[in-house]
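>>> need a 3D model of the sequence below.
(one chain, ligands or ions: 2)
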Amino acid sequence: MKALVFNGPKDIDYHSFDDPQLTDDRHMIIQVKHCSICGSDLHMYHGGQIGDFDYSQPTEPFCTGHETIGEVVELGKAVTRHRIGDSVLVAGGVGCGECRRCLAGQINLCEAWTTGTPSTAYGISPLVQGGQAEYLQVYHADIGATTIPEGIGNEQALLLTDALSTGYYGIKLAQVKPGDSVAVIGQGPVGTMAAEAAMAVGAEAVYAIDPVASRRERARTFGGVPLHPDEAISRIREDTGGLGVDAVIEAVGVGDTLKQAVRLTRFGGQISILGILQDSSSVPMHKAQAKSISVHGGIAGVVDCWSELIPLVQNGSIKAEGMFSHHFKLAEGARAYEAFDKQADNMMKVLMTP
Ligand SMILES: [Zn+2]
Ligand SMILES: [Zn+2]
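Ligands and ions are numbered 1, 2, ... in the order given. So this is what the prediction gives:
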């Protein structure tokens, strides 16, 4: 098959790669219909880190991508919830498939440290090949993939593999309730989805903060308040009687925005950090503690969110419209990465098609 392959920093290209083979009865193989690039893929692209994996070091080439939808073409004998020909969306993460957390759909909390099989995502290392490819082996298919539900379009399905689910996970971690005020720092795909989801679960005010006008202005489509970072503190203080918001979702992961998150949160409020932290990212915990703020960190609670989140998409509370601003052939993937990295032409997200 053909696939996008990571050879090293700034070196992801389209070429031949071994076809995936079933390695377990619980797995299945899909023919990829669409796939996308996640903001976290850029850490790989830049030679940064995701968890302990350091992309500046030499690695065996691997297929990239953890946002994929497709059609089932081959089933392991133990798969019960899928049929050949089904259209499915695949959660971005993979666990051991056996521990109580995996069985409950909390793949990101996999307890594989007890069995020695680490939990990971598709396409971030040679361990599990990714879905920016013509074919993908889906691990533990009964847990990690679901039939694309009725009323859900392909673009929404693709967002449910990661960006939308991760955004929703952020508001869940921050315990956003009806009537809350919420600030979301960073209006990239995950932050934007978190803001729209916060509104959908009944937040009274959602502030969408980003220096890029086209990104923050999107918040108007679902009733959010777009704010430039420079005006965020004064506007939020004014609106909240000087107190700050009930919850902040931080979707950038760098020093300045982490500091801003603590400043914007009220005493006793909640912060959830979705931005992928680097060694150099520091959270001002002393300031958070002084305000009795609870700080939650978490990544990609995808499957865990589907039962609550999918109905919100089906009933139109979350539309996630216009997120895929640019379309590419998978064969043009190298160019798609480059453009996504530069956010060329107000790019939000790319839809790639093999
Ligand atoms: Zn991702
Ligand atoms: Zn597990």
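
>>> give me the residue from the stretch 251-354 of the chain nearest ligand 1.
Ala300 (6.4 Å; Cβ to the ion). Using the backbone N, CA and C atoms, a C-beta is placed for each residue, glycine as well.

>>> could you do the chain as well?
Cys38 (3.1 Å).

>>> low-confidence ranges, the protein, go.
Where the chain drops to pLDDT under 70, the residues are 114-118.

>>> get me the contact residues on it for ligand 1.
Selection of the chain residues close to ligand 1 by Cβ under 5 Å from the ion yields Cys38, Ser40, Asp162.

>>> mind putting those in a markdown table, distance to Gly253 included?
As requested, the residues of the chain next to ligand 1 are exported to a markdown table (distance: Cβ to Cβ, whole Å):
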| residue | distance to Gly253 |
| --- | --- |
| Cys38 | 13 |
| Ser40 | 10 |
| Asp162 | 16 |
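
>>> just the closest of those residues to ligand 2, please.
Comparing the residues of the chain next to ligand 1 against ligand 2 with Cβ to the ion places Asp162 closest, at 18.5 Å.

>>> may I have the phi/psi pair for that closest one?
Per-residue torsions, Asp162: phi -160, psi -70 (degrees, to the nearest 10).

>>> same thing with Gln270?
Main-chain dihedrals, Gln270, degrees, to the nearest 10: phi -120, psi 140.

>>> same check, this time on Arg215
Torsion angles, degrees, to the nearest 10, at Arg215: phi -80, psi -50.

>>> count of neighbours near it?
Look at Arg215: counted by other Cβ atoms under 10 Å, it has 21 neighbours.

>>> who's in contact with the residue nearest to it when sequence neighbours are not counted?
Distances taken as Cβ to Cβ, 6 or more residues apart in numbering place Gln187 nearest to Arg215, at 4.0 Å, with adjacent residues excluded. When contacts are counted by Cβ atoms under 8 Å, 6 or more residues apart in numbering, Gln187 is found next to Ala195, Ala208, Ile209, Asp210, Val212, Arg215, Arg216, Arg218, Ala219, Pro226, Ala251.

>>> distance check, Glu250 against ligand 2.
Applying Cβ to the ion, to the nearest Å, the value for Glu250 to ligand 2 is 27 Å.

>>> you'd agree that residue is up against Gln270?
No. Using Cβ atoms under 8 Å, Glu250 is not in contact with Gln270, being 11.1 Å away.
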